[in-house]
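Enquirer: Next come a sequence and a model predicted from it.
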Amino acid sequence: MSSFKIKSTLEEYLVTNWTTTPIKFEGMPIDYSSDTSFIVPKYVGVANSGFYGSGKQTNGQLQIFCYAQNPVLAYKLSDTVCTFFKCLDLSNDVHTLIPQQQGSAINLDDGFFEAFVTVEANCYS
């Protein structure tokens, strides 16, 4: 399986099932006057794919940036993302691990705080 299939599987699951906040993919406009909290996913291919036994493992990460108007809400949103993606068996044989939160929320000095989650996924083919 290619890294692209992992990306598309994770994004399809997110778009189909996430109802907590708006999802803003890179390049989409953000209306700060009406969007009080939202998430921005970004897929990163991982170079440590390889062969295991008679098959191949492909790895990837979905980094999800969580934005809210105070640090507690941003961190709570990142916690919700972690629960949402925890240890899933998705279509195309894609599996997620336990997501990792990255420290505390950062003040962006524009009325928003950012928290960050890394969702690691793999697929054996």
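Expert: Sure thing, it's come through.
Enquirer: Name the next helix or strand following the helix or strand bottoming out on mean pLDDT in the chain along the chain.
Expert: Counting by mean pLDDT, DSSP states H and E, the chain has its least confident helix or strand at strand 50-52, which shows a mean of 61. Downstream of strand 50-52, the next assigned helix or strand under DSSP states H and E is strand 55-68.
Enquirer: what comes up buried for the next helix or strand after that next one?
Expert: Per DSSP H and E, the first helix or strand lying C-terminal to strand 55-68 is helix 71-85. Neighbour counts over helix 71-85 (16 or more other C-beta atoms under 10 Å) mark 73-78, 80-82, 84-85 as buried. The way it works is simple: take the backbone N, C-alpha and C, and place the C-beta from them, glycine included.
Enquirer: how near is the closest residue to residue 76 other than its chain neighbours to residue 35?
Expert: Leaving aside its chain neighbours, residue 76 sits nearest to residue 68 (7.7 Å; criterion: C-beta to C-beta, 6 or more residues apart in numbering). As judged by C-beta to C-beta, to the nearest Å, residue 68 and residue 35 stand 10 Å apart.
Enquirer: okay, those two: which has more neighbours?
Expert: The neighbour comparison of residue 68 against residue 35 (other C-beta atoms under 10 Å) goes to residue 68, with 23 against 16.
Enquirer: My read is that the more buried one contacts residue 77, right?
Expert: Yes - taking contacts as C-beta atoms under 8 Å, residue 68 lies within contact range of residue 77: 5.5 Å.
Enquirer: which residues do those two both contact?
Expert: Residues touching both residue 68 and residue 77 by C-beta atoms under 8 Å, 6 or more residues apart in numbering: 37, 115.
Enquirer: looking at the sheet around residue 117, what are its partners?
Expert: Beta-bridge partners for residue 117, by DSSP bridges, are residue 64, residue 101.
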